[in-house]
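# pasted the sequence and its predicted model underneath.
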Amino acid sequence: MHERLKVYEEKMQKSVKSLEGELATIRAGRANPHILDKLAVDYYGSPTPIQQVANVSVPEARMIQIQPWEKKMLKEIEKAILVSDIGINPTNDGQVIRLVFPELTEDRRKEIAKDVKKKGEQAKVAVRNIRRDGNDACKKLKGTEVSEDEIKDMEDELQKLTDKYIKEVEKAVEAKTKEVMTV
């Protein structure tokens, strides 16, 4: 691979990783502890991820159990979940907090699948924009010490990279859509 293209490949990888991170936080009817990734609780004055103040486990397919290491964190964690956009009411028994995921309706599944596809499209646009930036950079090399053939090779390589990462985006979207639509 041409040295000048490494930067663009890294950017494309980041776009795919970002999409995968976003898809991991989407609720698919099954309990997925990653939906808590964006939540932070006030721990001695500093916002701290829930995973750093409690043990998060999935005892059943549709339940997340959060057991704080300090009892006084129960209220803080409960408050963080209530003000978040998760859409699940926590139950607190004084020891642990449980999040029970309701079965998703067919309509809700289709809605989530549409959202997954939309996020996939946004990731593809990001990858294509990176390709465009790379092609612009290649065009600026015309008239320099880089030959026309080298520039053409770089553009071809950039297109291959783009195709590769677009396929990765499609695979991630397909896998998440399948997970969402599985009852």
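On my side now, so go ahead.

# buried ones in stretch 112-128?
Within stretch 112-128, the residues scored as buried using 16 or more other C-beta atoms under 10 Å are 112, 113, 115, 116, 119, 120, 123, 124, 126, 127. Every residue, glycine included, has its C-beta placed from N, CA and C.

# next one: the first one from residue 147, what distance?
By that I understand residue 112. According to C-beta to C-beta, to the nearest Å, residue 112 and residue 147 sit 50 Å apart.

# now residue 51: closest residue in space that isn't a chain neighbour?
Spatially, and ignoring its direct neighbours in sequence, residue 51 is nearest to residue 36 (6.9 Å; C-beta to C-beta, 6 or more residues apart in numbering).

# ugh, wrong one, I meant residue 60
That would be residue 31: by C-beta to C-beta, 6+ apart, it lies 7.1 Å from residue 60.

# and if you look at residue 137?
residue 4 (7.1 Å).

# state the distance from that neighbour to residue 152.
In terms of C-beta to C-beta, residue 4 sits 14 Å off from residue 152.

# cool, and residue 57?
Taking C-beta to C-beta, one finds residue 57 at 55 Å from residue 152.

# of these two, who's got more company?
Shown here are residue 57 and residue 152; by other C-beta atoms under 10 Å, residue 57 has more neighbours (14 against 11).
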